[in-house]
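[1] build me a structure from this.
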Amino acid sequence: MSNERNDTTTFPDPVYKDTVLAALFEGVKAHYARHMGTINKAHLVMLAETGILTADQTGPLARALIEIEEETDLDALTYTGEHEDYFFLVESELKRKLGDLGGMLHTARSRNDMDHTLFKLALRDRVHVLWQELALLAQAIADKAETEAETLIVAYTHGQPAQPSTFGHYLYAALEVLMRDMARLNAAVDDLDHCPMGAAAITTSGFPIDRNRISDLLGFEEPLLNSYGCIASVDYVTGLYSALKLVFVHLGRLIQDMAFWSSFEVGQLYVPNAFVQISSIMPQKRNPVPIEHMRHLAAVTASRCDAMIDTMRNTPFTDMNDSEGEVQQAGYAAFDSGSRVLRLLTAFLPACSIDQSRVSRNSDAACITITELADTLVRDEALSFRQAHEIAARTARGVLAEADPLAKGYRHFQKAFKAETSRDSKLDASAFELAVAPETFVSKRNRAGGPAPEALAEAGKIYAADLDKLNRQHADRHARHMQSTELLDAAFAVLLET
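    Prediction:
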């Protein structure tokens, strides 16, 4: 039996063309063509400066690249199968213009190192936009927290009214988490900032390439050192999307609180009319629907990040399509939905306000200041906390049984105090009422991180400094990226003149 194959088929198979290659081609048009042009220019500059190519080679190549850019209408391009992909289309155009010289541009590189450099450049752009939106949200939360520093709220634990705090105290807690998420994202972006160019297919090149130079021309901090890792270690994907996921997992918790707080039964968060939709049948309804949209968009964003991470599960540690092309493009949807959450929350949160009448009603109904009564008895009556806790508990049971506000429960307190200590309390009715006032509760909690005005003001200064530091780190990195454009343009202009 003969081992010879009489294969008369031609590439590409029509179904493969329609299901894979055409989609990849459209993806390059949408996301990578510009970056591919940048890589081509930077690589050519490096080839010229290292002497790998001569001036009489690099000048025509440089001018041909510019001509191709000017002549190519990306929107009008469709995938025909004549060339495997956009990379080979450009190379074909170079050869059409320059003959064999057109193939010299690909000296000392591979589509492997080019692809991961493309993906990093595309992610870098998206991270920059998202960071700006995160910074605006963080500042909006900080500003709102400062404005609402003394606005009382009911703080909940386990879904039940717990203690009084302030809206500012709550928002600063959310800001702390957001800034930690931003720090994690910042660290993940550092991993994007290492250039794969020069790794070629796997093992670098036999030519005397300058990896640092092309890294600088593309705005990276430095080359990614191990050449095998440049094409195999896709932790820049898993690390970035892991950090991005946490932003929206944590914001989702904040958003869920808004849903709870704005419910009819709680009602301490007032959502203005601009963010309220009505019912088509029930005229009395005020539906804060944007909260639901933020909640599901945050969940969708986190899920899209998970999809990117899970796609890498059990893949081989080598160059592979599982981390390229369509997979990379699928991840961009997380940036799109995440952006919608950030922009909406930045507008929504500052517009909301706390309904103090509902805070007072819920505070009275649940005796949420009773802990301060116990603390007062420990300080002023020299009782053990367990004794004070029992007196406070009996007092709460008494007022709740009669549906009285705690401030009106002095007689219940007197009775409970005498039953526990066999004596009368030093606290008169006015002192009792002051001890159980929400304002007293908050003002007494003046420890670092507490809700009292002085403690909160000090915390605000720390948060402002920390947020400024995060934003400066990102701004410095972005400035380097922008400066590399000028660096590359200047170096490429030299080639055009040869």
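[2] and residue 446, what pLDDT?
    What the model reports for residue 446 is a pLDDT of 96.
[3] and the nearest residue to it once chain neighbours are set aside, what does it touch?
    Leaving aside its sequence neighbours, residue 446 sits nearest to residue 452 (Cβ to Cβ, 6 or more residues apart in numbering; 3.7 Å). Any C-beta I mention is one placed from the backbone N, CA and C, and that applies to glycine too. Neighbouring residues of residue 452 by Cβ atoms under 8 Å, 6 or more residues apart in numbering: 442-446.
[4] please report how far residue 452 lies from residue 271.
    Using Cβ to Cβ, to the nearest Å, residue 452 is found at 28 Å from residue 271.
[5] thinking again about what came up before, from the contacts of residue 452, which would you call buried?
    Buried members of those, counted by 16 or more other Cβ atoms under 10 Å: 442-445.
[6] wait, a strand at residue 162?
    Yes. Under the criterion used here (DSSP: H, G, I helix; E, B strand; the rest coil), residue 162 sits inside a strand.
[7] touching, it and residue 368? I think so.
    Yes. Shown here, residue 162 and residue 368 form a contact pair, counting by Cβ atoms under 8 Å, at 6.3 Å.
[8] what do these two both touch?
    By Cβ under 8 Å, 6+ apart, the residues touching both residue 162 and residue 368 are 154-155.
[9] the two: which is more packed in?
    For residue 162 and residue 368, the more surrounded residue by other Cβ atoms under 10 Å is residue 368, and the numbers stand at 25 against 14.
[10] show me what contacts that one?
    Per Cβ under 8 Å, 6+ apart, neighbours of residue 368: 154-155, 161-164, 362, 438.
[11] would a markdown table of those with pLDDT be doable?
    Formatted as a markdown table, the contacts of residue 368 follow (pLDDT from 0 to 100):
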| residue | pLDDT |
| --- | --- |
| 154 | 97 |
| 155 | 97 |
| 161 | 95 |
| 162 | 95 |
| 163 | 96 |
| 164 | 97 |
| 362 | 95 |
| 438 | 96 |
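[12] buried members of these into PyMOL, please.
    Applied in PyMOL, the following selects the buried portion of the contacts of residue 368 according to 16+ other Cβ under 10 Å:
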select buried, resi 154+155+161+163+164+362+438
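[13] now the contacts of residue 368 as TSV including distance to residue 193?
    Output for those, formatted as TSV (distance: Cβ to Cβ, whole Å):
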residue	distance to residue 193
154	45
155	41
161	47
162	44
163	44
164	46
362	49
438	49
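[14] and the contacts of residue 368, which is closest to residue 466?
    Residue 466 lies nearest to residue 155 out of these, by Cβ to Cβ, at 23.5 Å.
[15] which strands or helices does the helix or strand that closest one falls within pack on?
    Element membership for residue 155 (DSSP states H and E) is strand 152-157. If you count contacts as 3 or more Cβ pairs under 8 Å, 6 or more residues apart in numbering; DSSP states H and E, strand 152-157 packs onto strand 160-166, helix 167-192, helix 356-366, helix 438-444.
[16] looking at the ones you listed, which is closest to residue 333?
    Closest among the helices and strands packed on strand 152-157, using Cβ to Cβ: helix 167-192, at 17.6 Å.
[17] pretty sure residue 254 contacts residue 173?
    No. Residue 254 is beyond contact range of residue 173, at 9.3 Å (criterion: Cβ under 8 Å).
[18] for the lengthiest helix in the chain, name the packing helices and strands.
    Using DSSP state H, we find that the single longest helix of the chain is helix 453-496. If you count contacts as 3+ Cβ pairs under 8 Å, 6+ apart, helix 453-496 packs onto helix 33-49, helix 55-71, helix 111-147, helix 167-192, helix 211-217.
[19] contacting residues around the first one?
    So the one you mean is helix 33-49. Contacts of helix 33-49 (Cβ under 8 Å, 6+ apart): 28, 52-53, 55, 58, 61-62, 65, 69, 74, 86-87, 90, 105, 107-109, 114, 117-118, 121-122, 197, 209-210, 213-214, 217-218, 488, 491-492, 494-495.
[20] change it to 7 Å
    Contact with helix 33-49 is made by 53, 58, 61-62, 65, 69, 74, 86-87, 105, 107, 109, 114, 117-118, 121-122, 197, 209-210, 213-214, 217-218, 488, 491-492, 495, as judged by Cβ atoms under 7 Å, 6 or more residues apart in numbering.
[21] tell me if residue 9 really is in a strand.
    No. Assignment of residue 9 by three-state DSSP gives coil, placing it outside any strand.
[22] start the count at 19 instead of 1 going forward.
    Fine by me, first position is 19 from now on; the one you just mentioned is residue 27.
[23] what are the phi and psi angles of it?
    Dihedral pair for residue 27: phi -70, psi 160, per degrees, to the nearest 10.
[24] distance of it relative to residue 486?
    62 Å.
[25] out of the two, which sits in the more crowded spot?
    The residue with more neighbours, out of residue 27 and residue 486 and counting by other Cβ under 10 Å, is residue 486; that gives 10 against 6.
[26] quick check, pLDDT for the more buried one.
    98.
[27] now it: how far from residue 293?
    Going from residue 486 to residue 293 by Cβ to Cβ gives 30 Å.
[28] hmm, who's touching stretch 426-441?
    For stretch 426-441, contacts defined as Cβ under 7 Å, 6+ apart pick out 405, 408-409, 412-413, 416-417, 442-443, 447, 450.
[29] nearest to residue 150, out of the residues you listed: which one, please.
    Once Cβ to Cβ is applied, the member of the contacts of stretch 426-441 that ends up nearest residue 150 is residue 417, at 50.9 Å.
[30] what's the closest non-adjacent residue to residue 219?
    residue 128 (4.1 Å).
[31] circling back: neighbouring strands - and their directions - for the strand holding residue 173?
    With DSSP bridges as the test, strand 170-175 is paired with strand 178-184 (antiparallel).
[32] next, the angle from the strand it pairs with to helix 471-514.
    Per axes from the mean of the first three to the mean of the last three Cα atoms, to 10 degrees, the angle that strand 178-184 makes with helix 471-514 is 80 degrees.
[33] list of residues touching strand 178-184?
    Contacts for strand 178-184 (Cβ under 7 Å, 6+ apart): 166-174, 380-381, 384, 386-387, 389, 456, 459-460, 469.
[34] try it again with 6 Å
    Taking contacts as Cβ atoms under 6 Å, 6 or more residues apart in numbering, the residues outside strand 178-184 that touch it are 168-174, 380, 384, 386, 456, 459-460, 469.
[35] and the strands in the stretch 219-368 of the chain?
    Secondary structure of the stretch 219-368 of the chain by DSSP state E, counting those that start in this stretch: the strands cover 240-241, 287-288.
[36] of those, which approaches residue 334 most closely?
    Each of the strands of the stretch 219-368 of the chain has some distance to residue 334 by Cβ to Cβ; the shortest is strand 240-241, at 23.4 Å.
[37] TSV for the buried ones among the contacts of residue 470, including distance to residue 97?
    Written out in TSV, the entries for the buried ones among the contacts of residue 470 read as follows (distance: Cβ to Cβ, whole Å):
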residue	distance to residue 97
460	65
461	69
462	70
463	65
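[38] next, the buried residues of stretch 61-78.
    In terms of neighbour count (16+ other Cβ under 10 Å), stretch 61-78 has its buried residues at 61-67, 70-71, 75-78.
[39] picking up where we left off before, closest to residue 323 out of the contacts of stretch 426-441?
    The closest of these, once distances to residue 323 are taken by Cβ to Cβ, is residue 417, at 48.6 Å.
[40] where in this structure is pLDDT low?
    19-22 (pLDDT under 70).
[41] pretty sure residue 425 is in contact with residue 450, am I right?
    No. With contact defined as Cβ atoms under 6 Å, residue 425 does not reach residue 450; the gap is 8.1 Å.
[42] okay, those two: which has more neighbours?
    Ranked by neighbour count (other Cβ under 10 Å), residue 425 and residue 450 place residue 450 first, with 23 against 18.
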